[in-house]
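In: got a structure for you, letters missing:
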(Lines give C-alpha, C1' and ligand atoms only; values in the text may rest on other atoms or scores of the structure.)
Protein backbone atom coordinates (compact mmCIF):
# COMPACT_ATOMS: atom_id res chain seq x y z
CA UNK A 1 0.00 0.00 0.00
CA UNK A 2 2.72 2.51 0.95
CA UNK A 3 4.46 2.03 -2.39
CA UNK A 4 1.48 3.22 -4.40
CA UNK A 5 0.53 6.75 -5.42
CA UNK A 6 -3.21 7.05 -5.98
CA UNK A 7 -4.75 9.91 -7.95
CA UNK A 8 -8.24 9.09 -6.68
CA UNK A 9 -9.62 10.04 -3.27
CA UNK A 10 -10.42 6.76 -1.49
CA UNK A 11 -13.85 5.90 -0.15
CA UNK A 12 -14.16 6.13 3.61
CA UNK A 13 -14.08 2.35 4.03
CA UNK A 14 -10.87 2.19 1.97
CA UNK A 15 -9.01 4.89 3.91
CA UNK A 16 -6.32 4.28 6.50
CA UNK A 17 -7.75 4.12 10.05
CA UNK A 18 -5.67 6.87 11.67
CA UNK A 19 -5.61 7.36 15.43
CA UNK A 20 -7.52 9.07 18.21
CA UNK A 21 -4.64 11.15 19.57
CA UNK A 22 -3.50 14.26 17.66
CA UNK A 23 0.12 14.67 16.58
CA UNK A 24 2.09 16.68 19.11
CA UNK A 25 3.39 20.10 18.04
CA UNK A 26 5.06 23.10 19.63
CA UNK A 27 2.24 25.58 20.13
CA UNK A 28 4.21 28.65 19.05
CA UNK A 29 4.70 30.15 15.58
CA UNK A 30 8.38 30.16 14.70
CA UNK A 31 8.09 33.53 12.91
CA UNK A 32 5.10 35.36 14.37
CA UNK A 33 5.53 34.10 17.96
CA UNK A 34 1.80 33.47 18.37
CA UNK A 35 0.07 30.20 19.26
CA UNK A 36 -0.78 27.74 16.50
CA UNK A 37 -3.78 26.31 18.35
CA UNK A 38 -6.91 27.94 19.77
CA UNK A 39 -8.08 29.76 21.69
CA UNK A 40 -7.17 32.82 19.64
CA UNK A 41 -7.86 36.47 20.51
CA UNK A 42 -11.49 37.54 20.09
CA UNK A 43 -12.49 38.94 16.71
CA UNK A 44 -10.04 36.96 14.61
CA UNK A 45 -11.28 34.72 11.80
CA UNK A 46 -9.96 31.53 10.22
CA UNK A 47 -9.42 30.39 6.64
CA UNK A 48 -8.18 27.11 5.18
CA UNK A 49 -6.39 26.70 1.85
CA UNK A 50 -4.78 23.85 -0.09
CA UNK A 51 -2.19 24.92 -2.69
CA UNK A 52 0.07 21.93 -3.15
CA UNK A 53 3.07 21.48 -0.86
CA UNK A 54 2.18 23.32 2.31
CA UNK A 55 5.69 24.56 3.08
CA UNK A 56 5.67 27.37 0.54
CA UNK A 57 1.96 27.98 0.86
CA UNK A 58 2.26 28.71 4.57
CA UNK A 59 5.05 31.22 4.01
CA UNK A 60 2.91 33.15 1.52
CA UNK A 61 0.29 33.79 4.20
CA UNK A 62 2.41 34.43 7.29
CA UNK A 63 4.04 37.38 5.50
CA UNK A 64 0.72 39.20 5.04
CA UNK A 65 -0.06 42.11 7.40
CA UNK A 66 -3.10 41.22 9.45
CA UNK A 67 -2.34 37.49 9.66
CA UNK A 68 -2.06 36.53 13.33
CA UNK A 69 -0.79 32.98 12.90
CA UNK A 70 -0.60 30.10 10.44
CA UNK A 71 -0.27 26.34 10.73
CA UNK A 72 -0.01 23.47 8.27
CA UNK A 73 -1.99 20.28 8.37
CA UNK A 74 -4.24 17.85 6.57
CA UNK A 75 -7.93 18.15 5.64
CA UNK A 76 -10.52 16.93 3.18
CA UNK A 77 -10.05 13.22 3.75
CA UNK A 78 -11.12 10.46 6.12
CA UNK A 79 -8.14 9.55 8.30
CA UNK A 80 -8.12 11.18 11.73
CA UNK A 81 -4.76 12.55 12.88
CA UNK A 82 -2.95 11.15 9.85
CA UNK A 83 0.83 11.21 9.61
CA UNK A 84 2.69 12.70 6.67
CA UNK A 85 3.75 9.25 5.52
CA UNK A 86 0.12 8.12 5.50
CA UNK A 87 -1.06 11.19 3.59
CA UNK A 88 1.66 10.62 0.99
CA UNK A 89 0.19 7.21 0.13
CA UNK A 90 -3.05 8.79 -1.09
CA UNK A 91 -5.00 6.46 1.21
CA UNK A 92 -6.16 9.13 3.66
CA UNK A 93 -7.96 11.38 1.16
CA UNK A 94 -6.42 14.49 2.68
CA UNK A 95 -4.80 17.39 0.92
CA UNK A 96 -2.05 19.49 2.47
CA UNK A 97 -3.55 22.71 3.82
CA UNK A 98 -2.67 25.94 5.57
CA UNK A 99 -4.77 27.26 8.44
CA UNK A 100 -4.75 31.07 8.46
CA UNK A 101 -5.91 33.05 11.49
CA UNK A 102 -6.41 36.66 10.45
CA UNK A 103 -7.85 40.06 11.28
CA UNK A 104 -10.58 40.80 8.75
CA UNK A 105 -10.27 44.56 9.36
CA UNK A 106 -6.65 44.50 8.16
CA UNK A 107 -6.63 41.70 5.59
CA UNK A 108 -10.12 40.86 4.29
CA UNK A 109 -10.96 37.37 3.11
CA UNK A 110 -11.11 38.61 -0.49
CA UNK A 111 -7.44 39.55 -0.20
CA UNK A 112 -6.57 36.07 1.04
CA UNK A 113 -8.46 34.59 -1.91
CA UNK A 114 -6.55 36.78 -4.37
CA UNK A 115 -3.26 35.60 -2.87
CA UNK A 116 -4.49 32.01 -2.99
CA UNK A 117 -5.46 32.06 -6.68
CA UNK A 118 -2.35 33.70 -8.06
CA UNK A 119 0.17 31.88 -5.85
CA UNK A 120 -0.46 28.40 -7.30
CA UNK A 121 -1.94 26.77 -10.39
CA UNK A 122 -5.56 25.83 -9.61
CA UNK A 123 -6.09 23.98 -12.90
CA UNK A 124 -3.90 20.91 -12.38
CA UNK A 125 -6.19 18.49 -10.56
CA UNK A 126 -4.29 16.09 -8.30
CA UNK A 127 -0.95 17.80 -8.60
CA UNK A 128 1.09 20.99 -8.45
CA UNK A 129 3.85 20.98 -11.05
CA UNK A 130 6.15 18.02 -10.25
CA UNK A 131 4.31 17.21 -7.01
CA UNK A 132 1.77 14.55 -7.92
CA UNK A 133 -0.94 13.01 -5.74
CA UNK A 134 -4.24 13.74 -4.01
CA UNK A 135 -2.41 15.57 -1.22
CA UNK A 136 -1.43 18.33 -3.67
CA UNK A 137 -4.92 19.20 -4.93
CA UNK A 138 -6.14 22.77 -4.78
CA UNK A 139 -8.82 23.49 -2.17
CA UNK A 140 -10.65 26.28 -0.37
CA UNK A 141 -12.43 25.13 2.76
CA UNK A 142 -14.89 27.67 4.16
CA UNK A 143 -16.05 28.32 7.71
CA UNK A 144 -19.34 30.07 6.92
CA UNK A 145 -21.72 30.78 4.08
CA UNK A 146 -20.16 34.17 3.34
CA UNK A 147 -16.71 32.66 2.86
CA UNK A 148 -18.27 30.04 0.60
CA UNK A 149 -20.00 32.70 -1.48
CA UNK A 150 -16.83 34.75 -1.83
CA UNK A 151 -14.74 31.68 -2.69
CA UNK A 152 -17.11 30.58 -5.45
CA UNK A 153 -17.40 34.11 -6.81
CA UNK A 154 -13.62 34.54 -6.86
CA UNK A 155 -13.19 31.18 -8.64
CA UNK A 156 -15.65 32.19 -11.34
CA UNK A 157 -13.93 35.55 -11.73
CA UNK A 158 -10.46 34.02 -11.96
CA UNK A 159 -11.70 31.62 -14.61
CA UNK A 160 -12.67 34.62 -16.76
CA UNK A 161 -9.02 35.69 -16.54
CA UNK A 162 -7.61 32.23 -17.32
CA UNK A 163 -9.84 31.38 -20.27
CA UNK A 164 -8.53 34.11 -22.61
CA UNK A 165 -5.03 32.75 -21.89
CA UNK A 166 -6.19 29.31 -23.13
CA UNK A 167 -5.65 27.77 -19.71
CA UNK A 168 -7.74 24.81 -18.48
CA UNK A 169 -10.75 24.93 -16.20
CA UNK A 170 -10.16 25.45 -12.50
CA UNK A 171 -10.23 22.18 -10.56
CA UNK A 172 -10.16 23.69 -7.07
CA UNK A 173 -12.33 21.95 -4.49
CA UNK A 174 -14.53 24.50 -2.69
CA UNK A 175 -16.53 23.23 0.28
CA UNK A 176 -17.40 23.88 3.90
CA UNK A 177 -14.46 23.20 6.16
CA UNK A 178 -13.92 19.57 7.17
CA UNK A 179 -11.90 18.64 10.28
CA UNK A 180 -8.36 20.05 10.28
CA UNK A 181 -5.53 17.91 11.62
CA UNK A 182 -2.23 19.58 12.51
CA UNK A 183 0.80 18.21 10.68
CA UNK A 184 3.98 17.13 12.42
CA UNK A 185 6.01 19.71 14.31
CA UNK A 186 8.86 19.75 11.78
CA UNK A 187 6.47 20.81 8.99
CA UNK A 188 5.29 23.90 10.87
CA UNK A 189 6.91 27.05 9.39
CA UNK A 190 9.34 24.71 7.64
CA UNK A 191 10.86 27.30 5.30
CA UNK A 192 11.63 29.66 8.18
CA UNK A 193 13.42 26.87 10.01
CA UNK A 194 15.07 25.66 6.77
CA UNK A 195 15.58 28.74 4.53
CA UNK A 196 17.10 26.64 1.74
CA UNK A 197 14.34 24.06 1.83
CA UNK A 198 12.24 22.89 -1.10
CA UNK A 199 9.45 25.14 -2.31
CA UNK A 200 7.54 24.08 -5.41
CA UNK A 201 4.96 26.85 -5.13
CA UNK A 202 4.29 28.72 -8.35
CA UNK A 203 1.32 30.34 -10.06
CA UNK A 204 0.07 29.93 -13.59
CA UNK A 205 1.29 33.38 -14.64
CA UNK A 206 -2.05 35.18 -14.45
CA UNK A 207 -2.51 37.87 -11.81
CA UNK A 208 -5.77 37.99 -9.90
CA UNK A 209 -7.11 41.41 -10.79
CA UNK A 210 -10.32 42.39 -9.05
CA UNK A 211 -13.43 43.90 -10.58
CA UNK A 212 -15.89 46.21 -8.87
CA UNK A 213 -17.81 43.17 -7.58
CA UNK A 214 -14.77 41.23 -6.36
CA UNK A 215 -12.71 44.09 -4.92
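Out: That came through fine. Model, not experiment: these values are computed from the prediction. Numbering: from 1, shown residues only.

In: rest of the way, CA atoms for contacts and neighbours
Out: Fine.

In: gap between the longest helix seen in the chain and the chain center?
Out: Longest helix of the chain, by residue count under DSSP state H: helix 145-162. Taking the mean of its C-alpha atoms, helix 145-162 sits 16 Å from the chain's own mean (CA atoms, centre = their mean, to the nearest Å).

In: pLDDT weak spots in the chain?
Out: 1-5, 212-215 (pLDDT under 70).

In: Helices of that one, residue ranges please.
Out: Going by DSSP H, the chain shows helices at 54-62, 84-89, 109-119, 145-162, 190-193.

In: rewinding a little: in terms of secondary structure, what does the longest helix of the chain contact?
Out: On a contact count with 3 or more CA pairs under 8 Å, 6 or more residues apart in numbering; DSSP states H and E, helix 145-162 meets helix 109-119, strand 138-142, strand 173-176.

In: Can you tell me which of those is packed in deepest?
Out: For these, the largest average neighbour count (mean count of other CA atoms under 10 Å) is found in strand 138-142, namely a mean of 25.

In: So what's the gap between that one and the chain middle?
Out: Here strand 138-142 is found 7 Å from its chain centre; the criterion is CA atoms, centre = their mean.

In: ok, that strand: who's next to it in the sheet?
Out: strand 45-51 (antiparallel), strand 173-176 (parallel) (DSSP bridges).

In: Please enumerate residues in contact with that strand?
Out: Around strand 138-142, the neighbours that count as contacts under CA atoms under 8 Å, 6 or more residues apart in numbering are 47-52, 95, 122, 125-126, 148, 151, 171-178.

In: Could you give me the ChimeraX syntax to select whichever of those are buried?
Out: To isolate in ChimeraX the members of the contacts of strand 138-142 that are buried, counting by 16 or more other CA atoms under 10 Å, one can use:
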select :47,48,49,50,51,52,95,122,125,126,148,151,171,172,173,174,175,176,177
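
In: What distance do you get for residue 30 to residue 187?
Out: 11 Å (CA to CA, to the nearest Å).

In: Likewise for residue 91?
Out: From residue 91 over to residue 187 the distance is 20 Å, taken as CA to CA.

In: Please identify which of those two sits among more neighbours.
Out: Neighbour comparison, residue 91 and residue 187: the larger count goes to residue 91, with 28 against 18 (by other CA atoms under 10 Å).

In: ok, now which ones touch the more buried one?
Out: Applying CA under 8 Å, 6+ apart to residue 91 gives the contacts 6, 9, 10, 14, 15, 16.

In: tally of neighbours for residue 145?
Out: Residues near residue 145, counting by other CA under 10 Å, number 11.

In: Please apply the same query to residue 14.
Out: Using other CA under 10 Å, residue 14 has 12 neighbouring residues.

In: And the closest residue to it other than its chain neighbours, how close does it get to residue 22?
Out: Closest residue in space to residue 14, ignoring its immediate chain neighbours: residue 91 at 7.3 Å, by CA to CA, 6 or more residues apart in numbering. Counting by CA to CA, the gap from residue 91 to residue 22 is 18 Å.

In: and residue 204, how many neighbours?
Out: A count of nearby residues for residue 204, using other CA under 10 Å, gives 15.

In: in terms of contact, does residue 35 touch residue 27 like I think?
Out: Yes. Using CA atoms under 8 Å, residue 35 is in contact with residue 27, at 5.2 Å.

In: With respect to residue 71, which of the helices of the chain lies nearest?
Out: helix 54-62 (7.1 Å; CA to CA).
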